[in-house]
Structures are given as C-alpha cells and as structure tokens.
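Quick one: sequence and predicted model below, then my questions.
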Amino acid sequence: MRFYRATPATLFVALCFIAAATRLCAQSGAPTLSVDIGTARTPISPDIYGIANYGLDATFAQEIKVGNIRWGGDATTRYNWMVDSSNSGFDWYFIGGNGETTAVPGASADLMVKTYAPADALITIPIIPYVNKSSAYSCSFPQSVYGAQQSYDPYLKVNNGNCGNSLTTSGVQLTDSSILANHIANTTTLQQQWVAHLVSTFGTAANGGVKFYQLDNEPGGWSNTHRDVMPTEPTYATIVEYGQTYAAAVKQADPSALVLGPSDFTLGGWIGTPAQQNNLYAGQYYLQQMAAYQQQHGQRLLDYFDEHYYFDVSSAAAQLASTRTLWDPTYNGGTWVEQYDFDAPMQLIPRFKSWISTYYPGTKLSISEYSIDSGQKSIVDAIAEMDVLGIFGREQLDFADMWSAPAPTDPIAYSFRMFRNYDGNGSQFGDTSVSAVSSDQGTLSIYAAQRSTDNTVTVLVINKTTAAIASAISLANLSLPSSAQVYTYSAANLTSIVHAADTPIANSSVSYSFPGYSAVMFVIQPPAAPPPPAADDYTLSLSAQALSASASKPGTLMLTMTPTSGSATAQSFACSGLPSGWSCSFAPASLSGSTPQSTTITVGAMSAAQMSALRSAMQMVLAWPFPLLLIGAGSTCGAARRSGGRGSGGRLSLVLGVMALAALALAGCGGSDSDKGTQSGGSQTYTVTVTATGTGAATHTAQFTLTVSS
C-alpha cells in the first residue's frame, strides 16, 4: 500500500478550497490582521487633523472639518501685529513689510481665524528679541549698504535697490549693522496687547476664541533663518527664559488659553547642547525648567510639549517606511539622532511621552509642524499621510498640524477625507481607537476605531506594496452584521474615494484582496438593537354613555378594555360618584390579555344587610388608631370585593378591605355628602367614573351618566 504525503503547497491549496466557502484565500505569508473593539480603547483627539493655513482652501477645510488651523512657520517669528507684517528672514532675502500704506492691526491673523471658524486656531506668539517695524517694504541687506552678494530678490526692489541674501560673493556671512532701522524691540506688553485684541474680537479660549498659542517657531534655528537679528544661536536656557516670560503674558491676557512650546525643528532642535542643559536633551531640559517654574510660582505655563518633524521622502520605499519612526521599537530610520544620540530606534511619540512622564507629567504632546509629502502628488503621498494619521490616533497624540496645505484635488487631500469625510456625507473615522494588529505593519498597516455617535466600527487597511495582497481581518467583541461597507482609495482613481461593493462578514472575519498601493476602509455597522418591548397600555370603552336604574331595579352596561401596546396585565375596576347607599360590581372582576376583553357593570342600591355590614365595619375602623385609618382611606368600592393574598399580603388585604367597607359607609360607595346629583322631576342624575388600575400599565377611566328614578 502506498501512502500519499501532503506537501506544504498541496495543503495550502486544500485550505484555499475550504476558505473559498466564505470568500477568498489569503496569500501564503500574507500578514494576519485582527481587530478587537474590547481592548486598547483610547480617545482620538480631533486636533490631530490640523493643517497650516497658508493656501488652505476654505471649502475643503469645511468639508473635512479640519481639526485646527495654524498661524505659524518662519514668517511668523517676527510678525508685528500692530503693522500686520513680518520679515521673511533667510527664507526670502530678509524682506520685511507688506507694502500697505496704512496697516490694519492684526488683520491677517484675524482673517485666518474668521475664514476657518469653527476650527480651533493656533497663533504663534513671537518671543524673539526683535519684530518687524513697519508695513512698508524693507530688507536687512540692501546692496547699496552691504555691497555685492550671492543673489538678490528677483521680484522686489526696495528704494530702487537690490535686496541680498546676506552672503557675500565669496560666501562670507554679513552682519546687520542697523537692526533698529527695520525692527523694533519685542516686548511682553506688545504681545499681551495682541492677545487682548484677539480676546476682544473672538472671545476667550474658553468661550470659542483663539484656543492655542505657540511660543514662536523653531527657536533653535533663529541664528540661521533670522541671522540678521539673532546672529548667534541662543542657548536653551535663553529659549526657556523667553518662553516663560511670554507664556506668563499670554496666560495673564487669557487665563483659559493653552500654550505650546518649544516648537523646535526636526532632530537638532530636540537635542540642543546637552552640556549646557544639565546633560539633558533640549526637549527634556525645556520640560524640566517649565516644571520648575510651576513649582516655584504655582502656575502652569506649558500645556503642550510641542516639536516639529519631517519624514524621509527620498524615495517611495523610504517615505512609507519612515512612518515607523513614530512608534516602532524595532525600526531604525538611520537618522543621526538614532545613531549617535539615542543609540536606539527613534520611537518618536513614545519617546516624547516618556520625557513628559519623567520631567513634566500632565503635559500634552503636540507635533505642530510635520510633513511626509514628497511633492509628487502620488498615491504614495496619500497612503503615507493616511498611515501617519492612523498612527497619531492609535498612539494618542494630542495635537498635530500638517505643513503645506494640499489643493483639494491633490492625492494627499484624500488622506484627510478618508478620516474626516470618506463617503462625501460627512462620515468620519471613529473617535475611539481600538485594538488593530497586523503581523507586518510595514506591509499591511491597520487602524480601527469606533464612532461614539452610532457605535459604527471603522477599519482602515493600507497596502504599502505595489502588489495586491489577499488577507482576512478577524473581528472580536463586536455584534456583526452580514456585511461591511467598503471605501477604497488607490492609483486606479486618484480623484475619488470609491464606494465599492459591500463585502461579506463570515465567521467573525472579513476577507479581502487589497490592491497595491491602496487604502481600504471597512465600515461595520452593528445590527440595530431590537426595539424595546412596548409598554403595556389599553383603552376603555362603554357600551352606553347613559344608564337608568332605581332602588328596586339595578342597571347594567358593558365595559371593554382594548390593549393598544403590549399585553395588558390584570386590571381591576372600581366606581366613584355613585349615590349614597349604591354600589357597582364587575363580572369578571378583572381583565387581562392581548385582545379586547369585556366585563359587565351592575349598578344598584345596596341591600339592608350590606348597609348593616358597612356600618359595623365603620365602627371597627373608627375604633382603630388614626394612622391606620389614614392608610385605609384611599380604598375604593371595588377594593372591598377583591380577594386578599397569602401570608402578610393577605393580612394587609384584609385590613384594606375592612377599611374600604368603612369608606363605603362614609362616602356612599363612591358618592359623597356634597355630591347629591342633579335633580330633574322625580329622578336624579349622577356622573359615575369607572377607574381601571393594575401593575405595568397606566390608570385609565371611563364615565357614564346614571339616572336614578324614585
């Protein structure tokens, strides 16, 4: 006998046939994906979806409900709100002013806040020693004063002269010998007045005004970008001192405002010169000194530890891999801080969080300027940015702003749409991050969240490779529908997020083939909960609205109880408004059920024996302590005919029954001494109310007119 030995390949084929019963067979070696909404639940801050305002289309900003808008960058370092202009520094030939004859104080910043409302605004407060002097155009290194330089502003001539780049033709750095010609000294009073203006225009931060203030921009790089007014790199002790002084001024002008700092540049700005910083990195030292200020003065000045970060976009592979520097303890991006300072993978967000935990607990974390945009307007730009936004949410970053606002048609704009408006109807990625795990995050990234508004779960899978990958997502701790909605962004259509066909959910799993270089959003809406059982309710109707009777001839009519929702529980009945000495009885005494039920009401005068029994009961009750009398006073005629329960309940029913009999004697079985009816000829007319009571349903009444003839 020959035995057949299954090879791994044949086993895989067999498993594929089995898997085909549900949907697709995942590729051999494809990453495994899982989502568990019961674990790793953390809130996602809407402020991670921020964008710098320069060139941001206002309609697009509204479409994506942009998290926040930033007034920042090099151009804001020397902004003077009183003349509504700044100096561009080394970025553009040290050009100052805006050419306006009469400047409107704060007009540019005010316009930004108004244009993008209700998005939160982040305003950069200059803390550098000098700010721009005038709205008239100026430049720090005119050729007429400083001689020939390497290059000149090709567009603008100030006073008919060339504005140079501050470097001689041989590359020697020039020194601005007349800083105050184009600048004024910066002061806390000037900046405090600006905050006061913003508060008077828009309200305090706590009341919908400007919420965030940033302590300048990349102070560690002032000696480069702003070399005319700050030719020597400031120590971090100086940066801290400036920061504390101006943050205190901001807090004085608006105590509800939130302050970010030091907002320094990628890599070098985080490090500084440890020998001058208590042997700490610049970021650690900054946190330490801000904590020391609070300890000494009893006031927190720094609300967000804030830094800038630019990713490696030298190639598509590097661009997609560089997102791992934000979190991955196994990935080394090859930067010099990883090689020589940290001697370990960057793990940017966890690393910064550990600095906060060590040196200033309670401070939030911000990356107020970042970019992973290669400028190629490619699918890679889009999925790389989606990866970044997914990481920001999962890693609990508190605040972020992307630099270089995209045009609404750029692929990277669809990154924000995927999270903020994936269906064109305002639907968003969830606001509570949940566990989403890929066995190979560098190949297939996965992020998941739940929306608090409707409990919908959103799952985003990003294929970072050029080839399609088939895999399955296991789903745990979630009531699952039969299918998930699917939204896809890929190179196949760079102008739209495509609403693809729904995909089945089987065996708590979604199987899918993810196109190369794509992002696929699954929208899983839990099955609607069954409506709560309708509360039991009913209506009452009488067979007649009038009834005639005499002392010798009782009258009868029919009462029908019709359930309107649920199944009416047992309802008992009683009459009020009867003549003295009269009673009503019900056959049957109670009704219940989900269909209409009827009882016959008999109304007539009580016999001499009944009246004697009532008088005896009355005498008994009058002999009881007063509190018991009060308890029994609420009983009705009908209660006198109900049977008691067992044990203590039965004894209570007996007491209530006896007391009800007493009440009959006092009130004439539903009548009263003051209600003698309406007399007409030889008869009297009474309005009788029939009351239905019971547990689990409302009390209802019905009325009829009783005419008693003599």
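Yep, that arrived. These numbers were taken from a predicted model, which means no experiment stands behind them.

The nearest residue to Val240 once chain neighbours are set aside in helix, strand or coil?
Nearest non-adjacent residue to Val240, counting by CB to CB, 6 or more residues apart in numbering: Gln289, 4.5 Å away. All C-beta spots, glycine's among them, are computed from the backbone N, C-alpha and C. Here Gln289 is recorded as helix under DSSP: H, G, I helix; E, B strand; the rest coil.

quick one: the helices in the stretch 201-350 of the chain?
Secondary structure of the stretch 201-350 of the chain by DSSP state H, counting those that start in this stretch: the helices cover 222-225, 236-253, 268-271, 282-297, 316-321, 336, 348-359.

Which other helices and strands does the third one contact?
So that's helix 268-271. With contacts taken as 3 or more CB pairs under 8 Å, 6 or more residues apart in numbering; DSSP states H and E, helix 268-271 sits against helix 282-297, strand 304-310.

Minimum distance to Gly96: which of the ones you listed has it?
strand 304-310 (24.0 Å; CB to CB).

So what touches that closest one?
For strand 304-310, the surrounding residues in contact (CB atoms under 8 Å, 6 or more residues apart in numbering) are 212, 214, 218, 258-266, 269-270, 283, 286-287, 348, 352, 355-356, 360, 363-371, 398-399.

Give the pairing partners of the helix or strand containing Tyr487; include direction for each.
Assigned by DSSP states H and E, Tyr487 belongs to strand 483-490. When pairing is defined by DSSP bridges, strand 483-490 lines up against strand 493-504 (antiparallel), strand 518-524 (antiparallel).

burial measure for Ile319, as a count.
Ile isn't right for residue 319; it's Gln. Gln319: 24 surrounding residues under other CB atoms under 10 Å.

what's Asp47 sitting at in phi/psi?
phi -80, psi 0 (degrees, to the nearest 10).

now do Ala574
According to degrees, to the nearest 10, Ala574 has phi -150, psi 160.

cool, and Tyr686?
According to degrees, to the nearest 10, Tyr686 has phi -130, psi 150.

now the strands for the stretch 301-450 of the chain?
Remark: strands assigned in the stretch 301-450 of the chain by DSSP state E, counting those that start in this stretch are 304-310, 364-371, 399-402, 432-438, 444-450.

between the helices and strands packed on helix 268-271, which gets nearest to Thr458?
strand 304-310 (25.8 Å).

That closest one pairs with which strands, and in what direction?
Applying DSSP bridges to the sheet, strand 304-310 is found paired with strand 258-264 (parallel), strand 364-371 (parallel).

Dump those strands into CSV; add mean neighbour count, mean pLDDT and distance to Asp537 as well.
Shown next, in CSV, are the strands paired with strand 304-310 (neighbours: other CB atoms under 10 Å; pLDDT from 0 to 100; distance: least, CB to CB, whole Å):
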stretch, mean neighbour count, mean pLDDT, distance to Asp537
strand 258-264, 26, 98, 53
strand 364-371, 24, 98, 52
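
will you turn these into CSV that also has distance to Phe342?
Formatted as CSV, the strands paired with strand 304-310 follow (distance: least, CB to CB, whole Å):
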stretch, distance to Phe342
strand 258-264, 16
strand 364-371, 17
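
Out of those, flag the one nearest Asp153.
Among those, strand 364-371 sits nearest to Asp153 (CB to CB), with 25.3 Å.
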